[in-house]
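Undergrad: sequence plus the predicted model coming up.
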Amino acid sequence: MRLILLGAPGSGKGTIAEELTKQYGVVHISTGDIFRANIKEKTPLGTEAKQYMDRGELVPDSITIAMIGDRLAQPDCASAFMLDGFPRTIPQAEELDKLLADKGVSLDAVISVRISDDVIKTRVSDRRVCESCGASFSLSFRPTKVEGICDLCGGNVVQREDDKPETVLSRLKTYHEKTQPLTDFYQKKGLILSADNEVSYIQAIEQINKGFIARGIIRE
Ligand code: AMP
């Protein structure tokens, strides 16, 4: 199973990815998580990426494409993977096509997570993440049992720097300009599978599973 999760920042891609990983055991590759891990470890890649991320801008294609090329070359991606947050621009999608063609493999589906900007703004302002293990919580839907402490590992739970309201607006603008055109790009290839996450991710997952069955990706 080779999948892409496409959606605005805060659209719930991470939660949907977590659920699909549980159901299908597919390797989850989040470019945002890889950048954040590099920032935490203060690698040269992290230092470079941070300047863009802090402003709510995209990290340049050349850096991002090289990073994903390395990741997809690892053995755990040989037969299945789910890309979350990549591609985010048409040049990234074209490079991914080349990379997959070189390997002689193709995508099974591109899941397009649909949600309005208004709902995103509320959900993102409620989002909190664990600094240690990256687990995601929500002040409204999934609060931590003890305020500020991760239920899973006991780490500190904080608001992501780029989830602050000013940065969210700029991330949404970037999304509409640079990433939304990818829906058309993949629609033309017949790969889009829509998932409505406006109400709940459970509903979105049901639509995805139905789509997988309809396309013969999984059996009923
Ligand atoms: P995310 O966790 O997916 O919301 O990503 C957080 C930030 O990482 C984004 O706002 C970008 O600055 C950067 N980023 C993640 N994925 C990409 C990508 N495919 N291309 C460029 N920048 C990215």
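TA: Yep, it's here.
Undergrad: every contact and neighbour count from this point should use C-alpha atoms.
TA: Noted.
Undergrad: roughly how far apart are the most far-flung residue of the chain relative to its centre and residue 126?
TA: For the chain, the residue at maximal distance from the C-alpha centroid (Cα atoms, centre = their mean) is residue 146, at 27.0 Å. Residue 146 is 16 Å from residue 126, where distance means Cα to Cα, to the nearest Å.
Undergrad: please apply the same query to residue 57.
TA: 21 Å.
Undergrad: and for residue 71?
TA: 31 Å.
Undergrad: again with residue 32
TA: Taking Cα to Cα, one finds residue 32 at 19 Å from residue 126.
Undergrad: next one: residue 38
TA: Computed as Cα to Cα, the residue 38 to residue 126 distance reads 25 Å.
Undergrad: and what of residue 193?
TA: 27 Å.
Undergrad: so for this protein, the centremost residue is which one?
TA: residue 84 (3.0 Å).
Undergrad: that residue contacts residue 31, doesn't it?
TA: Yes: in terms of Cα atoms under 8 Å, residue 84 counts as a neighbour of residue 31; the distance is 6.7 Å.
Undergrad: shared neighbours, those two?
TA: Jointly contacting residue 84 and residue 31 under the rule Cα atoms under 8 Å, 6 or more residues apart in numbering is no residue at all.
Undergrad: buried sites along the strand or helix carrying residue 172?
TA: In this assignment (DSSP states H and E), residue 172 forms part of helix 165-174. Neighbour counts over helix 165-174 (16 or more other Cα atoms under 10 Å) mark 167, 168, 169, 171, 172, 174 as buried.
Undergrad: closest one of these to the ligand?
TA: The closest of those to the ligand turns out to be residue 171 (Cα to the nearest ligand atom; 6.0 Å).
Undergrad: name the nearest residue to the closest one, sequence neighbours excluded.
TA: residue 56 (4.9 Å; Cα to Cα, 6 or more residues apart in numbering).
Undergrad: separation between the one you found and residue 151?
TA: For residue 56, the distance to residue 151 - Cα to Cα - is 28 Å.
Undergrad: the more surrounded of the two?
TA: It is residue 56, of residue 56 and residue 151, that has more neighbours when counted by other Cα atoms under 10 Å, with 22 against 17.
Undergrad: contacting residues for the more buried one?
TA: Residue 56 neighbours (Cα under 8 Å, 6+ apart): 162, 167, 168, 170, 171, 174.
Undergrad: give the contact list for residue 195.
TA: 111, 112, 113, 114, 203, 204, 205, 207, 208.
Undergrad: from memory the fourth one sits against residue 196, does it?
TA: Translated: residue 114. Yes: applying Cα under 8 Å as the test, residue 114 and residue 196 come out as touching, 4.8 Å apart.
Undergrad: for the protein, what lies in contact range of the ligand?
TA: 9, 31-33, 52-53, 56-60, 64, 85-88, 171 (Cα under 6 Å from any ligand atom).
Undergrad: how about a cut-off of 5 Å?
TA: 9, 31, 32, 53, 57, 58, 59, 85, 86, 87, 88 (Cα under 5 Å from any ligand atom).
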